[in-house]
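Engineer: I'd like to go over a predicted model; first the sequence, then the structure.
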Amino acid sequence: MTPLPLTAYTATSCLGVGLAAHRAALHGNQSGLRPCAFETVNLPTWVGEVAGVDDHPLPAALARYECRNNRLALLALRADGFEERLRAAVARHGAQRVGVFIGTSTSGILQTELAYRERDPATGALPASFDYAATHNPYGVAELLREHLGITGMATTISTACSSSAKVFAAAARQIELGTLDAALVGGVDSLCLTTLYGFASLELTSKEPCRPSDVDRDGISIGEGAAYALLERADGAAPDAVWLLGTGESSDAYHMSAPHPEGLGAQMAMQAALRSASLGADAIDYINLHGTATPANDSAEGKAVANVFGQRVPCSSTKGATGHTLGAAGALEAVVCAIALVDGFVPGSVGTHTLDPAIPLNVQMQSATLPVRRALSNSFGFGGSNCSLMLGVGA
Amino acid sequence: MPDWPSARAVLRGEQAWVSAPSVLPAPSILPPAERRRASRVIKLALGIGLEAAQGADVSTLATVFSASGADGHNCHALCEQLATDDRHISPTRFHNSVHNAPAGYWGIATRAMAPCQVLCAFDGSFGAGLLDTLAQVVLDQQSTLLLAYDSEYPEPLFATRPVPDCAGIALRLEPQPSPQALARITAWTTDGPAPAWHNDTLEPLRAAIPAMRALPVMERLARGEHGEVCLDYLSGQQLAVRLDPPV
């Protein structure tokens, strides 16, 4: 693909709102995970909850979109001056020439879960205030951002479970390359809700402790929430030190709804496609941000896949021990983690990993370390066997 | 309209359209365990996809799934359960709740490991799917199957999202013309208005089910007519679609 600069980016997770909070936590090997105290949830698990989301109601003009997911979407948009950069890009290119591509797995389904508790006892009807299109529907968050920012270009939500907001980079890059758009807001937004917390618990995939990616004693995920965005633009006038999207690779496992291919075949195909798309060899990669959910099956399959494509040399880490698994937002959040690693020249540690599983033949970086990072790969794999790898780079 | 030959006959005006609940094909291509778990929307997606893929090696096709919602019945059952004191939800219900469940079952059924996209743009989902499909065909020179479909919600969600039935369309788009090709397709976004569709019989279907926003294109394909149509897409933006004779 033709490389595209990320002319602005930002992230919000349990580590905090904005890049500075993420930088500090990633350099300092800190975790934002806490015992789950979300809503009325009663589960023995840890979560990555963003503090104060509900303290930020939406502006009156956007009241119909009111729900936790959309509050998180706008809270994150305001960080790091990202919203101003985006508005400037809309003014520069024209509202029709900017697209919106948002990855989410659950959108505002929490709002529907709450509405079901308030059903009319006689008729079963949902409360009149419930707005399906603006809150529950996966596209609600994309339309909220489009309306808020005055964007009239093409827009879509991508919802492929936990690869959703990696795939938005690929979809947006295609439209820019074709000339449909000059710029795109890409990102992911996913918030805590009962469906995912109780759902992953029903699959016995949630850990009772903070998650331990690639650890010999790993026993499941810590669910998180977050929102991360990037502005992709045509290369004209990009700063020399910009972070670039160099390649994208997508594949399908064609294996199982909720378990990865045991040998990581689909994951390998996605990584190889990202290398081809970026016209790079495996030896050009300095850091891999693993999908690294900390379930026994995922980390084992990903370990085999990464080792088959890259051998054991490349420093790898999963940052889900710091942020939790932010599901549909994970791809964009971890792309921003890679951008920070590229700009700062460091490899984030794998927080929560104490004893590396000897069956995972990778160079897992336990603590953050200063290392030159010019090319970074970010892996995102989701339910239904949906895989996406992004290649990011800095400098020539 | 259970298949393309019936739909084509109706769209050509050779056969009357009788409104009747959709009859969905049994997903015989799925392994038994997945077949038991397949919901209506999964049966629908497999049915339209396999019909449109006829003549191609289905395991090599890239796919774009575009749906305005996921499985409404499953979503209702989950939300109902989570509103009670017993929140132990079924693992199958949970993994079937993801928007990409039909895509996952499609992969299991067809062994297709090619890229798979799953989009939602509410009532504009067909347009979003068509734009991404065309981009993949043009840039990656990859044969790509577009599946646009919707499923009904039961009450009480139906009152807020009145999609009445399962329905979908699928198109196989190829980078090069083949003897099977019906037309050469081009699409672009426009802020011009989408004119009313002069098919009084099927207009209620087009208006009620987002995937059926594609019916004006399907009508031209059925009749072998070429030219431009403008489809409803997003607020403030429509989608122009041009059909030319295949080269």
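Structural biologist: The structure has been received and is ready for your questions. Bear in mind the structure is a predicted one, so any value in this text is a computation, not a measurement. Numbers count the residues shown, from 1 in each chain, chains lettered A, B, ... in the order given.

Engineer: Could you report the pLDDT at the spatially most central residue of chain A?
Structural biologist: In chain A, the centroid-proximal residue (C-alpha atoms, centre = their mean) is residue A:330; its distance is 2.1 Å. For residue A:330, the pLDDT comes out at 98.

Engineer: Would you mind confirming that it is in contact with residue A:188?
Structural biologist: Yes - under the criterion of C-beta atoms under 8 Å, residue A:330 makes contact with residue A:188 at 7.0 Å. To be clear about C-beta, it is placed using only N, CA and C from the backbone, and glycine gets the same treatment.

Engineer: Name the residues contacting each of those two.
Structural biologist: A:165, A:226 (C-beta atoms under 8 Å, 6 or more residues apart in numbering or on different chains).

Engineer: Next SSE downstream of the lowest-mean-pLDDT helix or strand in chain B?
Structural biologist: Lowest mean confidence among the helices and strands of chain B (mean pLDDT, DSSP states H and E): helix B:32-37, at a mean of 88. Per DSSP states H and E, the first helix or strand lying C-terminal to helix B:32-37 is helix B:40-52.

Engineer: So which bits of that following helix are buried?
Structural biologist: B:40-50, B:52 (16 or more other C-beta atoms under 10 Å in any protein chain shown).

Engineer: Equivalent analysis for stretch A:130-150, please.
Structural biologist: So for stretch A:130-150, counting by 16+ other C-beta under 10 Å, buried means A:130-149.

Engineer: now that stretch, how far from the chain's geometric center?
Structural biologist: Taking C-alpha atoms, centre = their mean, to the nearest Å, one finds the center of stretch A:130-150 at 19 Å from the center of the full chain.

Engineer: Any idea how far apart the tips of it sit?
Structural biologist: 24 Å (C-alpha to C-alpha, to the nearest Å).

Engineer: Let's test this: mean pLDDT of it, rounded?
Structural biologist: 97.

Engineer: Can I take it that residue B:229 is in a strand?
Structural biologist: Yes - using DSSP: H, G, I helix; E, B strand; the rest coil, the assignment for residue B:229 is a strand.

Engineer: Would you confirm that it contacts residue B:241?
Structural biologist: Yes - using C-beta under 8 Å, residue B:229 makes contact with residue B:241 at a distance of 5.4 Å.

Engineer: Give the residues shared as contacts by the two.
Structural biologist: Contacts common to residue B:229 and residue B:241, judged by C-beta under 8 Å, 6+ apart, are residue B:217.

Engineer: quick one, helices of the chain?
Structural biologist: Because you didn't say which chain, this covers chain A. Per DSSP state H, chain A carries helices over the ranges A:19-27, A:68-78, A:82-93, A:109-117, A:140-149, A:164-178, A:194-202, A:265-277, A:296-310, A:320-323, A:330-344.

Engineer: not quite, I wanted chain B
Structural biologist: Using DSSP H, helices in chain B cover B:4-11, B:32-37, B:40-52, B:72-82, B:91-95, B:101-110, B:125-140, B:203-208, B:215-223.

Engineer: how about residue A:69, what does it touch?
Structural biologist: Contacts of residue A:69 by C-beta under 8 Å, 6+ apart are A:104, A:106-108, A:110-111, A:135, A:140-141, A:189-191.

Engineer: The same query, at a cut-off of 10 Å, please.
Structural biologist: Residues near residue A:69 by C-beta atoms under 10 Å, 6 or more residues apart in numbering or on different chains: A:53, A:104, A:106-111, A:135-136, A:140-141, A:144, A:189-193, A:225, A:227, A:328-329.

Engineer: Return only those of the residues you listed found close to chain B.
Structural biologist: Filtering the contacts of residue A:69 for proximity to chain B (criterion: C-beta under 10 Å from any C-beta of the partner chain) leaves A:104, A:106-107, A:109-110, A:136, A:140, A:193, A:328.

Engineer: Top of the residues you listed by number of neighbours, please.
Structural biologist: Counting neighbours by other C-beta atoms under 10 Å in any protein chain shown, residue A:328 comes out on top of these with 37 neighbours.

Engineer: In chain B, which residue sits nearest chain A?
Structural biologist: Closest residue of chain B to chain A, C-beta to the nearest C-beta: residue B:104 (2.7 Å).
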